[in-house]
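Structure of the sequence below:
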Amino acid sequence: MKKILLVITGALCMMSCKKFLQEYSQTDLVPKTVSDYGEILYSDGYPPQNADLQTWRTFLDDDVQFYMSPANATGTADNLAGSSIFQWQPDFAAKSIAAGISEEKINTWEKYYHYLLGPNVVLQYIDNAPGAQTEREQFKGEAYALRAFYHFMLVNLYAKPYNDSTTTPDKSPGIPIRITANLTDAPLPRNSVKEVYNQITSDIDSAIFLLDKNKTTTSPFRISFVAAHLLASRIYLYMEQWDKVIQHADIVLAYKPMLMDLNTWGGSPDPDNKPVTGAKNVESLFTYAGSSEYSERGMANTYSVSADLASCYDSTDLRAQIFFFPVPAFLKPYFAPDYSWQKGRIQSSVPEDGISWRTAEAYLNRAEACIQQYKATGDASAANKALGSLNTLRMNRIDKSSFQPWTIRPADTLLQMCRTERRRELFSEENHRWMDLRRYGMPSITHIYMPDLTTTQVFRLKARDPLYVLPIPDDVIARNTSLVQNPVYIGTRKPE
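Okay, the predicted model is just below:
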């Protein structure tokens, strides 16, 4: 199917308009109808299937570990390609590109701003196009949700957390808000974190208002009304608006309570027939991008599940057998990591294997919000609602012969249990762990790197380290003189 071309003049300060327009041929169509705008939203507003949005982020958190053995000692290119990010070097972008990771993969800023153009075109022009009102509402709802999501990801990569303890969101520099399809040469300054979140909440509320009107179930690769409510619960979780988290999670689970029961998975990974993520999984509400978002392609024999993550699971937790599993001794001469990453089919080019928003997150979001209410008020009913969510999830993850429901504990204990459960469940998906660490206060974490078989280096991301807020790409700063760079770690980060 041909793409649809809306001719717009000018140039964006954050990306190349020429690049956007060059993707179209002379035979492309100017959009005229509501359906035409639906096509432009799908082709230019959603990430392409199998897209690499931010595969590099899998090197940042404490769920990943570097492995070196004779099995991969000769694979220095793979080892080095991810090493500067794994070591939290301030110039990781330039070093990663020099080591073989493409600039396109590294510049996540430009990607998200590029994808913003599609939703903005739809929202700016679709009201004047002839077509069915139900279609118009659906496409506008999806566009609002996408715009909220892209701004949400950008502000949580390139700005301090909303709940940062050292400042308030109105005083914290965020990212430029982009809500128009009009291209301009004028540099856009950074809006505050509060202003960005105000825009995000306005957009997600508009999305839900429109998508709830018809409650249309569309393709798994497009945002439905249930998926929009899940995104809302995530946004309000980061803002610590607990009532709204619970409100939206309740709606998700009223319409889509299903969870995969790992007791029926056979005790070992079977991603072809029983995927634990992706469009074919019973929990999936929306699937996008590519399977490499779970882990950078070509590096499975160098970077994999950390021992720290593996230690979070007990022997009855089936996720430790199905989401990943210990590498048997007879394979160690050929495979360096201690654990094999099985959550997503890393080498797959099948669109169904992309990143998913899953119902499991709704259970976790609701549980955390209820525990925070319990902590603030002492209301035992909030604690019991949290336990109901957590135990519902756990009974589908723990060997049924050993499952014991959790019971009420002090609020701080329950909160830590919930956070650990979140880590067990959502590792390697989107930016959950990295962004969770940020909103938990940006604690110190450690990575161990081996440049060769005999040398061990310890790199530490200190508490509240500047690299918890990623540097804006240099080429973006060069093009947009109104942008102020984030504080950076000075010099090269040295091993301890």
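
need the longest helix for the protein.
helix 133-158 (DSSP state H).

After that helix, which helix or strand is next?
Reading on from helix 133-158 to the C-terminus, the next helix or strand found by DSSP states H and E is helix 193-214.

what's in contact with that following helix?
Applying Cβ atoms under 8 Å, 6 or more residues apart in numbering, the contact partners of helix 193-214 are 134, 137-138, 140-145, 147-148, 151-152, 154-155, 159-160, 162, 168-170, 172-175, 177, 179, 191, 223-225, 228-229, 231-232, 235-236, 239, 248. C-betas here are computed from N, CA, C, even on glycine.

For these, which PyMOL command selects only the ones that are buried?
A single PyMOL command is used to select the members of the contacts of helix 193-214 judged buried by 16 or more other Cβ atoms under 10 Å:
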select buried, resi 137+138+140+141+142+143+144+145+147+148+151+152+154+155+159+160+162+169+172+173+174+175+177+191+223+224+225+228+229+231+232+235+236+239+248
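
Pass me the low-pLDDT residue ranges in the stretch 1-150 of the chain, would you?
In the predicted model of the stretch 1-150 of the chain, residues 1-29, 74-79 satisfy pLDDT under 70.

what are the ranges of the helices in it?
17-22, 34-44, 76-81, 83-86, 92-99, 103-106, 108-125, 133-158 (DSSP state H, counting those that start in this stretch).

For the ones you listed, could you give me CSV that also reports distance to Tyr363?
CSV is the format used below for those (distance: least, Cβ to Cβ, whole Å):
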stretch, distance to Tyr363
helix 17-22, 39
helix 34-44, 30
helix 76-81, 36
helix 83-86, 31
helix 92-99, 34
helix 103-106, 32
helix 108-125, 28
helix 133-158, 20
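
Out of these, which is closest to Ser402?
helix 83-86 (35.6 Å; Cβ to Cβ).

helices or strands next to the closest one in the packing?
If contacts are counted by 3 or more Cβ pairs under 8 Å, 6 or more residues apart in numbering; DSSP states H and E, helix 83-86 sits against strand 64-66, helix 92-99, strand 445-452.

Now do the buried residues in the second one.
Neighbour-count burial for helix 92-99, with 16+ other Cβ under 10 Å as criterion, is recorded at Phe92, Ala93, Lys95, Ser96, Ile97, Ala99.

which residues touch Ala307?
Each residue near Ala307 by Cβ under 8 Å, 6+ apart is listed here: Gln65, Asp338.

which strands and helices sit next to the longest helix of the chain?
So helix 133-158, by 3+ Cβ pairs under 8 Å, 6+ apart, packs with helix 34-44, helix 108-125, helix 193-214, helix 225-238.

most tightly surrounded among these?
The highest mean neighbour count among the helices and strands packed on helix 133-158, using mean count of other Cβ atoms under 10 Å, belongs to helix 225-238: a mean of 25.

measure the closest residue to Thr277 other than its chain neighbours to Tyr288 for me?
Distances taken as Cβ to Cβ, 6 or more residues apart in numbering place Ser356 nearest to Thr277, at 4.7 Å, with adjacent residues excluded. For Ser356, the distance to Tyr288 equals 8 Å [Cβ to Cβ, to the nearest Å].

For Asp317, give me the pLDDT.
At Asp317, the model reports a pLDDT of 97.

what's across from it in the sheet?
Beta bridges link Asp317 to Ile398 when assigned by DSSP bridges.

So what touches stretch 50-59?
47, 64, 82, 85-86, 96, 101, 104-106, 108, 111-112, 157, 288-297, 303, 349, 351, 354, 428, 431, 434.

Mind doing that once more with 6 Å?
With Cβ atoms under 6 Å, 6 or more residues apart in numbering as the test, stretch 50-59 has contacts from 47, 64, 82, 85-86, 105, 108, 111, 289-290, 292-293, 295-296, 349, 431.

Over to stretch 102-118?
By Cβ under 6 Å, 6+ apart, stretch 102-118 touches 14-15, 41, 44-45, 52-55, 93, 96-97, 150, 153-154, 178, 473, 476.

again, but for stretch 389-407
Outside stretch 389-407, the residues touching it (Cβ under 6 Å, 6+ apart) are Leu259, Asp261, Leu262, Asn263, Thr316, Asp317, Leu318, Arg319, Tyr363, Arg366, Ala367, Leu387.

In helices, which of those appear?
Judged by DSSP H, the subset of the contacts of stretch 389-407 located in helices is Arg319, Tyr363, Arg366, Ala367, Leu387.
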